[in-house]
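A.B. asks: Sequence and computational prediction follow.
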Amino acid sequence: MRLPLLLDVRDRLVLVVGGGPVAARRAAGLGEAGARVRVVAPEVVDALAALAALGAVTHEARRYEAGDLDGAWLVYTATGHP
């Protein structure tokens with residue numbers, strides 16, 4: 001079952017866990033929607049690195065840790081790992 005959701009993410013902290021192409025697309029879209037996007041991933045694809053270089057997202061180059069959810073309004077996981 002699919003649940004379409006419309007969320008106002010403007011000025012809200014959204015955590016993206018993962019650094020691949022899916023995470024890059026989601027991070028870009030969230031940023032365009034006005035979210036403050038933080039990406040946690042040991043490595044990221046070029047598209048995500050470019051967003052971080054522009055200051056459109058922040059990137060923490062490490063694995064997810066307990067406490068990363070603190071302050072996040074929404075979390076998007078795109079790691080491919082359970």
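C.D. replies: Now that the structure is in, tell me what you want to look at.
A.B. asks: ok, then the element right after the longest helix seen in the chain?
C.D. replies: For the chain, the longest helix by residue count, based on DSSP state H, is helix 21-32. Sequence order places strand 36-40 as the next helix or strand after helix 21-32, per DSSP states H and E.
A.B. asks: give me phi/psi at the residue nearest in space to the middle of the chain?
C.D. replies: In the chain, the C-alpha nearest the mean C-alpha coordinate belongs to V16, at 2.4 Å (C-alpha atoms, centre = their mean). Main-chain dihedrals, V16, degrees, to the nearest 10: phi -110, psi 120.
A.B. asks: now swap in D46 and tell me
C.D. replies: The phi/psi pair for D46 (degrees, to the nearest 10) is phi -60, psi -40.
A.B. asks: Check the burial of it by counting its neighbours.
C.D. replies: D46: 9 surrounding residues under other C-beta atoms under 10 Å. C-betas here are computed from N, CA, C, even on glycine.
A.B. asks: List the contacts of it.
C.D. replies: Not one residue lies near D46 by C-beta atoms under 8 Å, 6 or more residues apart in numbering.
A.B. asks: Okay, it and L30: tell me how far apart.
C.D. replies: The gap separating D46 from L30 is 18 Å, by C-beta to C-beta, to the nearest Å.
A.B. asks: Repeat that for T58.
C.D. replies: From T58 to L30 the distance is 12 Å (C-beta to C-beta).
A.B. asks: and for the two, which residues touch both?
C.D. replies: Shared contacts of T58 and L30, defined by C-beta under 8 Å, 6+ apart, comprise V37.
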